[in-house]
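Undergrad: sequence first, predicted model second:
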Amino acid sequence: MYRKVRTAVVGCGMISNIYIKNLKDLFSIIDLVAVGNRSMAPAEEKARTYGIGRVMTVDEIAAAEDIELVVNLTPAFSHYDVIRKMLLAGKHVWTEKTLAVTVEQARELVEIANEKGLYLGVAPDTVLGAGLQTARRAIDTDMIGAVTSGVAVVNRDQALNSEYFTFLRGNGGCLPYDVGVYYIGALVSLLGPVEAIRAFGAPAPLHEPQFLYANAEAEPWRIPGANVLSASLRFECGALVSVLFDGNTVNATQHDITLFGTRGVLKVGDPNAFNGPVTLIYADQPPCVLPFTHGYDGVNTLAPTPFDHYGHRGVGVAEMAYAIRAGRPNRCGKEYGLHCLEVLAGMEQSAATGRTVEPVSRFKMRPLAPGYYSSFMGGTGRADAEKSLVD
Ligand SMILES: NC(=O)c1ccc[n+]([C@@H]2O[C@H](COP(=O)([O-])OP(=O)(O)OC[C@H]3O[C@@H](n4cnc5c(N)ncnc54)[C@H](O)[C@@H]3O)[C@@H](O)[C@H]2O)c1
């Protein structure tokens, strides 16, 4: 029905495994023709493992006339350079979160994309997954009335995690940007834009390297930015949401998103996953877990790999590819990515200055059509959720 979109992946690290697998074998709209990386060995390894035809340098990908879309899976601190280069070369770009590490950089990228008439899509695309789309449907169909308030919480030991995920030691590596962005993405996809922010924050501790991962000889490091943020967000829809991101605690992750409405309460599962359960709570009745109304529930229907717990990552790329062909806006678009970053940066700024910050960006995200599923026969058969990405 639609011509496939010829696509290349830049950044062949850990998360590229699930992206490459899904882009190559799950989404029929994508033709994954090439992989590239700053050093070539990781790209060669992914090309061998997943059967990708071409291994290219970043410059070769930018110059390749047949490549329309570049999927940027480099660390956050490399996003600005890679995205800018690809946009200036005339490519549509999908990027892992966050759009950039500063709002100024992100605004410049959005401007370049606008000027050149190119698509720029931004993770998290878990907001297109079964859990968050089901929660969105519950809100849109008035199951809890008007949302008056909410709570969003996540915690981790981000310094310890940066021993293994070394990119977390750079800009964009603090917990609010690296993980909190899933919570902000979920909240804004459910409630719309944030109009005002007040926050308190604390930095990460100086981290003494542990006897792990050959880091013992390294100098101590401190993850830049506020690693703990406690904020109050006022949404344009009127909801007041308390947000707590704590990266200075232990890896006993407690994640919670609870939305309180005039007629009911909705609990949303882990927004870093595609299948977070959605629980509806009414007065004086047992809580009820809602059946998913949408596909992309993270259930793997392809040959198993060790990376399948990352679920349906790449669904935002496929949805953007259909948007490119149809000439309509994509759901996880540049305005959504910019707004998520503005909210995160606004929390940091409010904590640093003691003032209220008002994000200026705005966006709209249409829900996906319900009733399409990713699998049937208990997850053994593949069903056609891709149809929900077309319009
Ligand atoms: N690790 C996770 O669990 C996870 C999950 C979801 C999203 N992400 C996001 O995905 C991105 C990548 O994460 P990862 O875990 O795969 O990191 P990684 O460090 O394993 O891989 C990043 C790769 O990008 C390459 N690279 C760095 N700068 C480059 C540049 N300028 N040009 C070309 N290649 C470059 C590196 O050589 C490396 O191979 C990050 O934005 C991260 O936030 C990670």
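TA: On my side now, so go ahead.
Undergrad: what about the helices in the stretch 201-350 of the chain?
TA: Per DSSP state H, counting those that start in this stretch, the stretch 201-350 of the chain carries helices over the ranges 315-326, 334-353.
Undergrad: pipe those into CSV and attach mean neighbour count per row.
TA: C-betas here are computed from N, CA, C, even on glycine. What follows is these, written out as CSV (neighbours: other CB atoms under 10 Å):
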stretch, mean neighbour count
helix 315-326, 24
helix 334-353, 24
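Undergrad: so which of these is nearest Gly172?
TA: Nearest to Gly172 among those is helix 334-353; the distance by CB to CB comes to 9.6 Å.
Undergrad: re earlier: so which of the helices of the stretch 201-350 of the chain gets nearest Cys288?
TA: For Cys288, the closest of the helices of the stretch 201-350 of the chain is helix 315-326, at 26.5 Å, according to CB to CB.
Undergrad: now do the closest one: which elements does it pack against?
TA: Counting by 3 or more CB pairs under 8 Å, 6 or more residues apart in numbering; DSSP states H and E, the packing neighbours recorded for helix 315-326 are strand 5-10, helix 16-25, strand 30-36, strand 69-72, strand 92-95, strand 120-122.
Undergrad: with adjacent residues omitted, what lies nearest to Phe27?
TA: If the residues on either side of it in the chain are set aside, Phe27 comes closest to Ala318, at 3.8 Å by CB to CB, 6 or more residues apart in numbering.
Undergrad: per-residue pLDDT, that neighbour?
TA: You'll see Ala318 listed with a pLDDT of 98.
Undergrad: how about the residue in the stretch 151-300 of the chain that the ligand sits nearest to, what does it touch?
TA: Nearest residue of the stretch 151-300 of the chain to the ligand (CB to the nearest ligand atom) works out as Phe167 at 4.6 Å. Phe167 makes contact with Pro75, Ala76, Phe77, Gly173, according to CB atoms under 8 Å, 6 or more residues apart in numbering.
Undergrad: over to Ile139?
TA: With contact taken as CB under 8 Å, 6+ apart, Ile139 is in contact with Val147, Leu190, Leu191, Leu259, Gly261, Leu266.
Undergrad: of those, which is the most crowded?
TA: Ranked by the number of neighbours (other CB atoms under 10 Å), the contacts of Ile139 place Leu190 first, at 27 neighbours.
Undergrad: residues in contact with the helix or strand harbouring that one?
TA: Per DSSP states H and E, Leu190 falls inside helix 181-191. Where contact means CB under 8 Å, 6+ apart, the residues beyond helix 181-191 that reach it are 97-98, 123-124, 126-127, 132, 135-136, 139, 147, 150, 152, 154, 194, 233, 235, 237, 239, 241, 243, 245, 255, 257, 259, 268, 271-272, 336, 339-341, 343-344, 363, 365.
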